[in-house]
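Peer 1: Curious how this folds, go ahead:
(chains A and B)
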Amino acid sequence: MIIKIINSCVIILFSTLIGLELAKKYIVRTRELSAIQGALSRLETEILHYASSLPEALVRIGKSVGGGTGKLFCLTGQTLLDKKKYTVAETWSSSLEQLKTTLCLEQEDIDILKRFGDQLGSSDKEGQVRFIRLTLLQLHEEEKKARAIREKYNKMYQSLGLLGGIALAILLL
Amino acid sequence: MLDSLPKKESALHWQQPILNALPNTIQEAIRKLPFTIARDLEEIRIRENRPLMIHSHGRDYFVTKDGNIGSCAEAAYYISADDTNQILQLVSNYSIYAFDEEIRNGYLTLRGGHRVGMAGKTVLENGQIRTMKYIKSFNFRISREVIGAADKIMPYLFSGQNILHTLILSPPQMGKTTLLRDISRKVSDGFTGFQGVKVGIVDERSEIAGCWQGLPQKSVGMKTDVLDGCPKATGIMMMIRSMSPRVIITDEIGRTEDAAAIQEALNAGICIIASAHASDIQDALARPFLSRLLESRIFERIAVLGNSLGVGTLEKIYTSDFSTQLLSKPVR
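Peer 2: This next block holds a predicted model:
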């Protein structure tokens, strides 16, 4: 009997954890989306007011932002600084691919960021600012959507984990 | 052999900043160029969809992928769209937005003072160039300083301890910037019998001092201040007010406002050493601006460069009334 109770407890515990893990994806996504927006605003300032060179600006921002976004900026900036002679677009998109899972981003977020990377560093100041603003707008929309989804699924996965665990435990008893 | 190694390196020390700005394929080709060609390399020409070319020893060569040179265009390496795209990113350190002004002017300066000229489609706004897009042609100009280039001319630029107002006339690519730079170094550092004075260089096209991020990449002298990228007329005024130079050096004067600035410098007791495009004194007298300047007898020495004994030959030196010639024959 005691073994059965312990078994049930373990099942409930794990299914709750799985539920939390599934829900976490939504939390991380919204968090990264807002972090990226913050980082892009800072990049806009660096470009517009300080005319800093892109690799240095990326590393500087990346270090202070931290998290998955920080990694994305640092990795891109560092690769460019290492002078391996890839274009910015190539470097940015390969960093995105590498960090896709860490960032918990959806394909549509990645697509927005990739389109942004294609233009990064490759036009005059005005052009850069325009692209950053456009990207910010799109990311903001995505963040809104992500929040709505989070509201919906976050609770659902959490309770689903717990309830599913209990149901399984009862069935097995 | 041991002797020749360091020499070889110093002859090729221009390479690194330029190779860093080239895509790997082109970089390999340039790195494998024969030594004598690389040593005297003047230009690397890059034009999309056309063969890679260099200019050395006064003539053009096609370059193959393996750095072989020849006059056959078919065997040469053809520049791809990826190449030009990458070069633009590399020369600007991935930050084209930080070079708006340079791109508008059509060139930028690399570390080491080398110039990269660019051509593409200009975008106009109210008749002014706003920016340039589709940049498909690059001209990497290797800049070398020739320490001692001014040795021959120096005795003629002095009257006792006083430096004379000097104008250097020269056709393009005859070494007038090199000469100005070495004059600057000499006047600034001094030499036996001359102490050296404060020099101000107004370097509108970043050619004399080859500044990179504000630092002169060439030796222009210990007592030399450089105003980089500044329009000449404004720059001369700024120098007079802020840096109290004894000598102002600038190149390629030719606009009306330059004359007023030069006059201002003269009034402040500052000596002017400048250059202008002209193949000879007759040529200069035929130009409205230069003839007015020459006829005002401001310049006490007028030196003419040419290539009768090779690039940088000092052909003639005139006094202010350009009737008397101080050189009996060209020197180099």
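Peer 1: Can you get me the start-to-end distance on stretch B:140-155?
Peer 2: 35 Å (CA to CA, to the nearest Å).
Peer 1: tell me which parts of the stretch 101-250 of chain B are close to chain A?
Peer 2: B:103, B:131 (CB under 8 Å from any CB of the partner chain). In this view, the C-beta of every residue, glycine as well, is placed from N, C-alpha and C.
Peer 1: can you do 6 Å?
Peer 2: Contact residues (CB under 6 Å from any CB of the partner chain) of the stretch 101-250 of chain B with chain A: residue B:131.
Peer 1: Can you show me the strands along the stretch 101-250 of chain B?
Peer 2: B:107-109, B:115-125, B:128-141, B:158-159, B:162-163, B:166-170, B:199-203, B:224-228, B:247-250 (DSSP state E, counting those that start in this stretch).
Peer 1: So for the last one, what gets flagged as buried?
Peer 2: Taking 16 or more other CB atoms under 10 Å in any protein chain shown as the basis for neighbour counts, the residues of strand B:247-250 that come out buried are B:247, B:248, B:249, B:250.
Peer 1: count of residues packed around the residue in the stretch 201-332 of chain B that chain A sits nearest to?
Peer 2: Closest contact between the stretch 201-332 of chain B and chain A, by CB to the nearest CB, is at residue B:213 (10.1 Å). The burial count assigned to residue B:213 is 8, neighbours taken as other CB atoms under 10 Å in any protein chain shown.
Peer 1: do residue A:114 as well
Peer 2: 14.
Peer 1: Can you give me every residue that contacts residue B:152?
Peer 2: B:314, B:331 (CB atoms under 6 Å, 6 or more residues apart in numbering or on different chains).
Peer 1: need the residues of chain A near chain B, please.
Peer 2: Going by CB under 6 Å from any CB, the residues of chain A near chain B are A:47, A:51, A:53-55, A:80, A:85, A:87-88, A:121-122, A:124-125, A:128.
Peer 1: again, 8 Å this time
Peer 2: A:47, A:51-55, A:80, A:83, A:85, A:87-88, A:121-125, A:127-128.
Peer 1: Filter those residues down to the buried ones and express that as a PyMOL selection.
Peer 2: Selection of buried members from the residues of chain A next to chain B for PyMOL, criterion 16+ other CB under 10 Å:
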select buried, chain A and resi 47+52+53+54+55+80+85+87+88+121+122+123+124+125+127+128
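Peer 1: out of the residues of chain A next to chain B, which are inside helices?
Peer 2: Of those, the ones assigned to helices by DSSP state H are A:54, A:55, A:80, A:88, A:125, A:127, A:128.
Peer 1: For the first one, give me the pLDDT.
Peer 2: Per-residue pLDDT puts residue A:54 at 92.
Peer 1: And for the third one?
Peer 2: If you check residue A:80, the pLDDT there is 90.
Peer 1: Nearest residue to the middle of the chain?
Peer 2: Going with chain A. Centroid-nearest residue in chain A: residue A:103, 3.1 Å away (criterion: CA atoms, centre = their mean).
Peer 1: let's do chain B instead
Peer 2: Most central in chain B (CA atoms, centre = their mean) works out to residue B:207, at 3.9 Å.
Peer 1: Residue B:117 is in contact with that one, correct?
Peer 2: No - the criterion here is CB atoms under 8 Å, and residue B:207 misses it with residue B:117 at 11.4 Å.
Peer 1: in stretch B:307-325, what counts as buried?
Peer 2: B:307, B:312, B:313, B:314, B:315, B:316, B:317, B:318, B:319, B:320, B:322.
Peer 1: Give me the subset of these that lies in strands.
Peer 2: B:313, B:314, B:315, B:316, B:317, B:318, B:319 (DSSP state E).
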